[in-house]
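1. fold the stuff below for me.
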Amino acid sequence: MGRLATRKFGAATAERLSRVLRDIADPDRLAEIADAIIDCDTDKELLARVGM
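-> Prediction:
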């Protein structure tokens with residue numbers, strides 16, 4: 001997921017997202033975040049959607 005986030009939103013956003021991903025073990029929640037990377041138009045929208 002980090003690679004996808006980097007390609008779409010840049011390294012800084014991917015690094016912030018990786019901090020959240022480290023604590024998530026639920027596959028459904030990880031799938032929701034992957035969908036959010038695809039669906040969101042801005043890094044702010046993505047981070048808000050994942051609870052940052």
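2. OK, contacts around A12?
-> Contact analysis of A12 by C-beta atoms under 8 Å, 6 or more residues apart in numbering lists nothing. All C-beta spots, glycine's among them, are computed from the backbone N, C-alpha and C.
3. how near is it to R29?
-> Computed as C-beta to C-beta, to the nearest Å, the A12 to R29 distance reads 23 Å.
4. excluding its backbone neighbours, what's nearest the one residue sitting closest to the centre of the chain?
-> Ranked by distance to the mean C-alpha position of the chain (C-alpha atoms, centre = their mean), the top residue is L17 at 4.8 Å. Setting aside the residues directly before and after it, L17 is nearest to A5 in space (C-beta to C-beta, 6 or more residues apart in numbering), at 5.0 Å.
5. equivalent analysis for I24, please.
-> Counting by C-beta to C-beta, 6+ apart, I24 lies nearest to L30, which is 5.8 Å off, once chain neighbours are set aside.
6. what about that neighbour, neighbour count?
-> 13 (other C-beta atoms under 10 Å).
7. contacting residues for it?
-> Contacts of L30 (C-beta under 8 Å, 6+ apart): 1, 21, 24.
8. look at G10 and say how many residues are nearby.
-> By the measure other C-beta under 10 Å, the count of residues near G10 is 11.
9. likewise for the one 3 residues further on?
-> Burial of T13, expressed as a neighbour count using other C-beta under 10 Å, amounts to 20.
10. before we move on, what about the one 3 residues further on?
-> Here the count is done by other C-beta under 10 Å, and R16 has 16 residues near it.
11. I'd say it and L47 touch.
-> Yes: in this structure, R16 is within contact of L47 by C-beta atoms under 8 Å, at 6.5 Å.
12. got a pLDDT number for I24?
-> The model reports I24 with a pLDDT of 92.
13. quick one: it and M1, what's the gap?
-> Distance of I24 to M1, computed by C-beta to C-beta: 10 Å.
14. shared neighbours, the two?
-> Common contact partners of I24 and M1 (C-beta under 8 Å, 6+ apart): 30, 33.
15. buried residues, the helix or strand encompassing I33. List them.
-> Using DSSP states H and E, I33 falls within helix 27-39. Using 16 or more other C-beta atoms under 10 Å as the test for burial, helix 27-39 gives 33, 36-37.
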